[in-house]
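> show me how the following folds:
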Amino acid sequence: MRIGELAGVVGITTRAVRHYHRIGLLPEPSRQPNGYREYTLRDAVELARIRRLTEIGLSLDEVRDVLADDAGKDLVEILVELDADLARQEEAVRQRRVRLAQLLDQARRTGRLPAEAPVSPELTALFDGMARTSARLAGPEPVMAARERELLALLETGSPEEERGWLHAMGRTLGADAEAMRRAYEVYAQLDELAGAPADDPRVEETARALVASIPEEAAQALQAAEDEGGEDGDSGFADALFADFAPAQAAVVRRAVALLKEPSACGR
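Modelled structure (predicted):
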């Protein structure tokens, strides 16, 4: 058989056959005097097996290992590993579909998704609560409310799963408490008023304490625990960029609020 006939019998392309030759997966056959490869039935049988193995998900390196083992023991081991890998992929797909279902349900209920979507269910609940509170305002939403959503989405995206406890606690508690959300929006408005103020503005201390008071106790405890575990080795570059994004008085409020949260009495409010 010529290469085109071989490829046609097995149902693959001649390009694939040549690739298998190049990587040593399929031995080169003998050649006719004119230089053309001359394939036998045995070549077709081997090539068909390569195709079957790749179709169930084996990599070409794994196929090479299987073909090199006449007893076929490696194939069983590889198939067990492949099955475990497929199970992991299946679970990952299931989790993704659950998350997509949550987002689609939110879109059906509210008619929209937040600009920061997709985020975790906890932050989704928080952002839903913010949207409800914003809709009840007489005027426009405070600028700091929108900036906090962006910041929370950023922190969730960049934080390892085990360090998101305070974020998720914030979503669970604040998102479900309309009165706490109202107080938070009062703090956002106070922060907006400090947009053009210097760092030593007398309103800084009052606003910082109001900010700490607006954080649900569960979230404050989780945040304090994260601070204690992280020590002093946090990402100073990120912190510098964060504070640089605020006006001087606003940055002073956040710094003071962080200091207040570190006080032993902060979570005993």
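> gap between stretch 65-85 and the chain center?
Relative to its chain's centre, stretch 65-85 lies at 33 Å (Cα atoms, centre = their mean, to the nearest Å).
> give me the contact list for that stretch.
For stretch 65-85, contacts defined as Cβ atoms under 8 Å, 6 or more residues apart in numbering pick out 25, 46, 49, 50, 53, 56, 57, 58, 62. No exception for glycine: its C-beta is placed from N, CA and C like everyone else's.
> and the fifth one, what is it in contact with?
Residues in contact with residue 53, defined by Cβ under 8 Å, 6+ apart, are 62, 63, 66, 75.
> just the buried members of the contacts of stretch 65-85?
Applying 16 or more other Cβ atoms under 10 Å to the contacts of stretch 65-85, the neighbour count classes 25, 46, 50, 53, 58, 62 as buried.
> wait, isn't the second one in contact with residue 26?
What that stands for is residue 46. Yes. Using Cβ atoms under 8 Å, residue 46 and residue 26 qualify as a contacting pair, with a distance of 6.4 Å.
> what residues sit buried inside the helix or strand harbouring residue 256?
Take DSSP states H and E as the rule and residue 256 turns out to sit in helix 248-262. By 16+ other Cβ under 10 Å, the buried positions in helix 248-262 come out as 248, 249, 250, 251, 252, 253, 254, 255, 256, 257, 260, 261.
> farthest-apart pair in the buried ones among the contacts of stretch 65-85, please.
Pairwise distances across the buried ones among the contacts of stretch 65-85 (Cβ to Cβ) peak at 15.8 Å, for the pair 46 and 62.
> and which of the buried residues of helix 248-262 is nearest to residue 183?
For the buried residues of helix 248-262, the nearest to residue 183 is residue 257 (14.2 Å; Cβ to Cβ).
> since we're on residue 150, how many residues are nearby?
12 (other Cβ atoms under 10 Å).
> what about the residue located most distally from the centre of the chain, is that helix, strand or coil?
For the chain, the residue at maximal distance from the C-alpha centroid (Cα atoms, centre = their mean) is residue 33, at 59.5 Å. Classification of residue 33 by DSSP: H, G, I helix; E, B strand; the rest coil places it in coil.
> distance of it from residue 5?
Plainly put, residue 33 is 18 Å away from residue 5 if you go by Cβ to Cβ, to the nearest Å.
> any low-confidence regions in this structure?
Scanning the chain with the threshold set as pLDDT under 70 gives 69-73, 224-236, 264-269.
> which residue is nearest the centroid of it?
residue 157 (5.9 Å).
> element containing it?
helix 143-158.
> ok, back up a step: distance of the residue farthest from the centre of the chain relative to residue 197?
92 Å.
> likewise for residue 119?
31 Å.
> and if you look at residue 66?
Where residue 197 is concerned, residue 66 sits at a distance of 71 Å (Cβ to Cβ).
> what of residue 136?
27 Å.
> what about those two, which has more around it?
residue 197 (18 against 10).
> who are the contact partners of that one?
Applying Cβ under 8 Å, 6+ apart, the residues contacting residue 197 are 203, 247, 248, 249.
> is it true that the first one touches residue 250?
No. With contact defined as Cβ under 8 Å, residue 203 and residue 250 do not form a contacting pair (10.6 Å).
> shared neighbours of those two, anything?
residue 194.
> in the chain, where's the longest helix?
Across the chain, the longest stretch assigned as helix under DSSP state H is helix 73-110.
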